[in-house]
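Trainee: task: produce atomic coordinates for the following.
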Amino acid sequence: MSGEPLALPNMKVLVVDDTATNRQILQAFLRKLKFVVISADDGAQAVDRFRDEQPDIVLMDVMMPVMDGFTTCVKL
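Mentor: Coordinates of the predicted model:
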């Protein structure tokens, strides 16, 4: 093995965080691993993006404006 991380090409990841820097860091890391990255600024946006994009996994902050992560999980 080369020590390279496992890449899962074309899997969609929804990144939800109200802090732009956190979203950008996660996006850069996930894109290097060949994930397709979708992002949202808050829980309400996440619900819309989830419905439209049907991601394979969601990485989400808990404390966000508009709709927190717990409420968002219930709606998803």
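Trainee: what helices or strands is the longest helix seen in the chain leaning on?
Mentor: The single longest helix within the chain, with elements called by DSSP state H, is helix 20-32. The elements that helix 20-32 packs onto, with contact taken as 3 or more C-beta pairs under 8 Å, 6 or more residues apart in numbering; DSSP states H and E, are strand 12-16, strand 36-40. The C-beta positions use only the backbone N, C-alpha and C, and glycine is treated the same way.
Trainee: in contact with the nearest residue in space to Gln27 that is not next to it in sequence, which residues?
Mentor: Nearest residue to Gln27 in three dimensions, chain neighbours excluded: Val37, at 4.8 Å (C-beta to C-beta, 6 or more residues apart in numbering). By C-beta atoms under 8 Å, 6 or more residues apart in numbering, the contact list for Val37 reads Lys12, Val13, Val15, Leu26, Gln27, Leu30, Arg31.
Trainee: redo the residues you listed as a markdown table? Include distance to Gln45 and pLDDT.
Mentor: Output for those, formatted as a markdown table (distance: C-beta to C-beta, whole Å; pLDDT from 0 to 100):
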| residue | distance to Gln45 | pLDDT |
| --- | --- | --- |
| Lys12 | 16 | 96 |
| Val13 | 15 | 97 |
| Val15 | 11 | 98 |
| Leu26 | 15 | 96 |
| Gln27 | 15 | 97 |
| Leu30 | 18 | 94 |
| Arg31 | 20 | 92 |
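Trainee: perfect, I'm done here.
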